[in-house]
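**Q** Here is a sequence together with a model predicted from it:
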Amino acid sequence: MSVVNITLPDGSSRQYPAGVKGIEIAQSISEGLARNALSIEVNACLPDRQGEIWDLSRPINTDAAIKIFTWNDKGGKYAFWHSSAHLFAEALEALYPGVKFGIGPPIENGFYYDVDLGDRPFGDEELAAVEKKMVELAKANSTFVRRDVSKKEAIDYFTKKGDEYKLELIDGLADGSITFYQQGNFVDLCRGPHIPSTGPIKAIKLLSVAGAYWRGDEKNKMLKRIYGITFPKQKELDEYLHMLEEAKKRDHRKLGKELELFAFSEKVGMGLPLWLPKGTILRERLEQFMRRAQIRAGYDPVVTPHIGSKQLYVTSGHYEKYGKDSFQPIHTPDESEEFLLKPMNCPHHCEIYKVKPRSYKDLPIRLAEFGTVYRYEQSGELHGLTRVRGFTQDDAHIFCRPDQVKDEFIKVIDLVLFTFKSLGFEDYTAQVSLRDPENKTKYIGEDALWERAEREIQEAADERGLKTIAVFGEAAFYGPKLDFMVKDALGRSWQLGTIQVDYQLPQRFELEYIGSDNQKHTPVMIHRAPFGSMERFVAVLIEHCAGNFPLWLAPEQIAVLPISERFNEYGQQVLDTLKNSDIRGFLDDRNEKIGRKIRDAEVNKVPFMLLVGEKEVAEGKVAVRKHGQGDQGVMDLKEFVERFSREFALPA
RNA sequence: GCCGAAGUAGCUCAGGGGUAGAGCAACGGUUUCGUAAACCGUAGGUCGUGAGUUCAAAUCUCAUCUUCGGCUCCA
């Protein structure tokens, strides 16, 4: 009998009979591991090579490096949730005979399955019924059985079943690579892997029903996508649901209302935020921070109008690409005149570049503007402050020589990283957004320039030691980008900072400079916005700090709280003194007890409370209380300001 | 734009064919208070909007607007 060498993650090797199963290896290591094992990674031998994740019941016939996955591994969770998707499908089919299935993958938190229920309604009640059925079927502890099938057999099976979606999927698969999985009465086209049986799926929650286009194409039929999550233990499900509830408390839309930062009005129009006084202070502090950083980095502030003639966007190519789906042109008494609300600032900045001849010695020229732009986003896309129809970019365009691109790009990376660090954003993803190689017609410009730009971005990122991931199809139509993605409270990813290399617009606007050779050359343009937009950045910032802004950003930094109305006058003096030091605050002179005033200030997340009563008036001091931390002791007002002066100032 | 859900007082929510409710906030008064909610009182709503069914609609139907969860999109 032949044997295979199995290498374990610690580097040690063991010999097993050929055909050994993952579960048997787990048993041979420890009983506990076998009990918790969910899937196995095979041929994970090299650090840079990802193995395949297999079922524990699949025989291993060659030498292999393996790692056994449990609930603590992503690979284990994915197998668990993938199997849960099949369990869901089994339950759904039992209750809705004839249902057709699209795809049902595991996702970061749980799984979904796209299904076609025909005209049958499916809402919360139906979700609950299917959930109940899933619990019942899980208890049956059906084994997941893997089976290789020929393409013909696969086609026959799903033709008979009448599931055109699965047939379409099979159509794209090579004969010999097709497998079915069965548990109970349910058979699915599936590559696997799965957990051994349905039994370990103890805690089940179907979360929501949504629409999703078949194969992600809006021309296709819309299927119902059912989201769910499962856990090995009820306690873990309870904790997850509790975590979701907690995350909702950080939602910027909720906090924006509670803390009176921004609002929307149906009369003004959807997606058009109204910045309230407190939100405006926050936003202006961020602008001050960025303006200062940019001045130090050699940018020149400019201001341009909110509209521009249609011709400007015809030249840039934006009109052709987005004209139909934008706010439509503004007309004047002169019928031949058309203006557009500006959807971006670059064309205006190009025209600033063109006001006079430029020399190679002038470059780089960095034009910065907090430019408010308007884009007609689809109604279903609007989302609090993260996706709006009118917003302000912390925009700038760097015009430089080709030999300066990489250097300038690196400087922008530094500015973005400085910005993120100053605001405590440590958990971001740097994404290199490239063209969709399948669909190059969506983009303008020559391949050679695209490749050059893509190379420059990657090199700049590498030079700064930035870990990046490449994503195809995410480039702008005129050039590739380096995007900084940050997650919101509920784990949804948003693009904040962005840096883009553009060889196209300078050509279209016929920008030029005179080189040292006394010849005309075309400059390169770098588009960049470290925040992305003030709206989206503020939204993500709110969720990051749960509304507990750092002192320098807090709209109200201190609350002066007199113990009783008798001390209001002294409180006012304290407040006036602070205002002379540019500290923002208010006096709570309501006829309320001190406990109440403290509570309200705490609830409103005011960083500092200064209590003043008989003792403080007599000594000319204040009793300092810090938000979330309680009493800090009595001190001189000057001492208080000095002690926290660094936190009051813009980060440097 | 598409699929699904929801809209009742400033906020959070109850009610569900027969006179529109609570807590907090607001306003008036009492109290003058030492580190997370004092007490009493007053006022506040065409139940998102528009049609329809009905003797009667917040409640049932339809349409529409907005919001929420996704999809698609994101210069």
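**A** Ah, there it is. Numbering: from 1, shown residues only, chains lettered A, B, ... in the order given.
**Q** State the helix or strand in which whichever residue of the stretch 151-300 of chain A sits closest to RNA strand B lies.
**A** Nearest residue of the stretch 151-300 of chain A to RNA strand B (CB to the nearest atom of the strand) works out as residue A:211 at 2.6 Å. Using the backbone N, CA and C atoms, a C-beta is placed for each residue, glycine as well. Using DSSP states H and E, residue A:211 maps to strand A:203-213.
**Q** State the mean pLDDT of that strand.
**A** Average pLDDT, strand A:203-213: 93.
**Q** Now the closest residue to RNA strand B within the stretch 551-652 of chain A, what are its backbone angles?
**A** Nearest to RNA strand B in the stretch 551-652 of chain A, going by CB to the nearest atom of the strand, is residue A:613, at a distance of 2.6 Å. Main-chain torsions, residue A:613, degrees, to the nearest 10: phi -140, psi -160.
**Q** residues contacting the closest residue to it other than its chain neighbours?
**A** Nearest residue to residue A:613, sequence neighbours excluded (CB to CB, 6 or more residues apart in numbering): residue A:563, at 3.4 Å. Neighbouring residues of residue A:563 by CB atoms under 8 Å, 6 or more residues apart in numbering: A:594, A:611-614.
**Q** Swap in 10 Å and give it another go.
**A** Neighbour list for residue A:563: A:571, A:593-594, A:597, A:611-617, A:623 [criterion: CB atoms under 10 Å, 6 or more residues apart in numbering].
**Q** what does residue A:304 give?
**A** Contacts of residue A:304 by CB under 10 Å, 6+ apart are A:342, A:345, A:347-349, A:351-352, A:367, A:369, A:371, A:395.
**Q** how about 8 Å then?
**A** So residue A:304 contacts A:342, A:345, A:348-349, A:352, A:369, A:371 (CB under 8 Å, 6+ apart).
**Q** and it, what helix or strand is that in?
**A** Using DSSP H and E, no helix or strand contains residue A:304.
**Q** Dihedrals phi and psi, it?
**A** The phi/psi pair for residue A:304 (degrees, to the nearest 10) is phi -130, psi 160.
**Q** Between all of the contacts of residue A:563, which two are separated the most?
**A** A:593 and A:617 (18.0 Å; CB to CB).
**Q** if you count what's nearby, which of those two comes out ahead?
**A** A direct count of neighbours by other CB atoms under 10 Å for residue A:593 and residue A:617 places residue A:617 higher, at 18 against 11.
**Q** Not counting residues beside it along the chain, what's closest to that one?
**A** residue A:570 (4.7 Å).
**Q** Sticking with that neighbour, tell me its helix or strand.
**A** helix A:568-580.
**Q** How far away from the center of its chain is that helix?
**A** Computed by CA atoms, centre = their mean, to the nearest Å, the chain-centroid distance of helix A:568-580 equals 43 Å.
**Q** Could you do stretch A:185-205 as well?
**A** Counting by CA atoms, centre = their mean, stretch A:185-205 comes out at 30 Å from the chain centroid.
**Q** can it be found next to RNA strand B?
**A** No: using CB under 7 Å from any atom of the strand, stretch A:185-205 never reaches RNA strand B; the gap is at least 13.3 Å.
**Q** That stretch: which residues count as buried?
**A** Buried residues in stretch A:185-205, counted by 16 or more other CB atoms under 10 Å: A:186-190, A:192-198, A:200-205.
**Q** Give me the next element, helix or strand, following the strand holding residue A:211.
**A** Taking DSSP H and E, what comes next after strand A:203-213 is strand A:222-231.
**Q** List the strands paired with that following strand, with their directions.
**A** strand A:110-116 (antiparallel), strand A:203-213 (antiparallel) (DSSP bridges).
**Q** Next, see if stretch A:474-483 gets close to RNA strand B.
**A** Yes: against RNA strand B, stretch A:474-483 shows contacts by CB under 7 Å from any atom of the strand at A:476-477.
**Q** Nearest residue to the residue of the stretch 51-200 of chain A found nearest RNA strand B in space, please, no chain neighbours.
**A** Per CB to the nearest atom of the strand, residue A:123 is where the stretch 51-200 of chain A lies closest to RNA strand B, at 4.0 Å. Distances taken as CB to CB, 6+ apart put residue A:209 closest to residue A:123, at 6.6 Å, once the chain neighbours are dropped.
**Q** Show the end-to-end separation of stretch A:519-529, please.
**A** One end of stretch A:519-529 to the other measures 32 Å (CA to CA, to the nearest Å).
**Q** What residues of that stretch count as buried?
**A** Those would be A:521, A:523-529, for stretch A:519-529 by 16+ other CB under 10 Å.
**Q** Thought residue A:244 was touching residue A:490, still the case?
**A** Yes: the criterion here is CB atoms under 8 Å, and residue A:490 meets it with residue A:244 at 7.5 Å.
**Q** Residues of the stretch 301-450 of chain A that sit close to RNA strand B?
**A** Going by CB under 7 Å from any atom of the strand, the residues of the stretch 301-450 of chain A near RNA strand B are A:318, A:321-322, A:325-326, A:343-344, A:346, A:375-384, A:387.
**Q** actually the stretch 451-600 of chain A, not the one I wrote
**A** So far as CB under 7 Å from any atom of the strand goes, the stretch 451-600 of chain A lies against RNA strand B at A:476-477, A:490, A:492, A:527, A:563-566, A:590-596, A:598-599.
**Q** So how do I select the buried members of these in ChimeraX?
**A** Of those, the buried ones can be selected in ChimeraX as follows, counting by 16+ other CB under 10 Å:
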select /A:476,527,563,598
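**Q** Tell me which of the residues of the stretch 451-600 of chain A next to RNA strand B fall in helices.
**A** Per DSSP state H, helices hold the following members of these: A:594-596, A:598-599.
**Q** Show me the strands in the stretch 401-550 of chain A, by range?
**A** A:428-434, A:468-472, A:481-487, A:493-502, A:513-514, A:520-521, A:524-529 (DSSP state E, counting those that start in this stretch).
**Q** For those strands, give me a markdown table that also has mean pLDDT.
**A** What follows is the strands of the stretch 401-550 of chain A, written out as a markdown table (pLDDT from 0 to 100):
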| stretch | mean pLDDT |
| --- | --- |
| strand A:428-434 | 95 |
| strand A:468-472 | 94 |
| strand A:481-487 | 95 |
| strand A:493-502 | 96 |
| strand A:513-514 | 98 |
| strand A:520-521 | 97 |
| strand A:524-529 | 98 |
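**Q** Mind putting those into TSV with distance to residue A:258?
**A** Below are the strands of the stretch 401-550 of chain A laid out as TSV (distance: least, CB to CB, whole Å):
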stretch	distance to residue A:258
strand A:428-434	26
strand A:468-472	35
strand A:481-487	22
strand A:493-502	21
strand A:513-514	52
strand A:520-521	55
strand A:524-529	28
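**Q** Can you pull out the residues in contact with stretch A:601-612?
**A** A:259, A:547-549, A:551, A:554, A:556-563, A:567, A:570-571, A:574, A:585, A:588, A:594, A:597-598, A:622-628, A:637, A:640, A:644.
**Q** CA atoms of that stretch as CSV?
**A** Extracted as CSV, the C-alpha positions of stretch A:601-612 are listed here (Å, rounded to 0.1, in the frame of the first residue of the first chain):
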residue,chain,number,x,y,z
ALA,A,601,-23.0,67.3,28.1
GLU,A,602,-21.9,63.7,28.2
VAL,A,603,-24.7,62.6,25.9
ASN,A,604,-23.7,65.3,23.5
LYS,A,605,-20.1,64.1,23.6
VAL,A,606,-18.7,67.4,24.7
PRO,A,607,-15.0,66.7,25.4
PHE,A,608,-14.6,68.9,28.5
MET,A,609,-17.0,70.1,31.2
LEU,A,610,-15.9,73.0,33.5
LEU,A,611,-17.9,73.0,36.7
VAL,A,612,-18.1,76.3,38.6
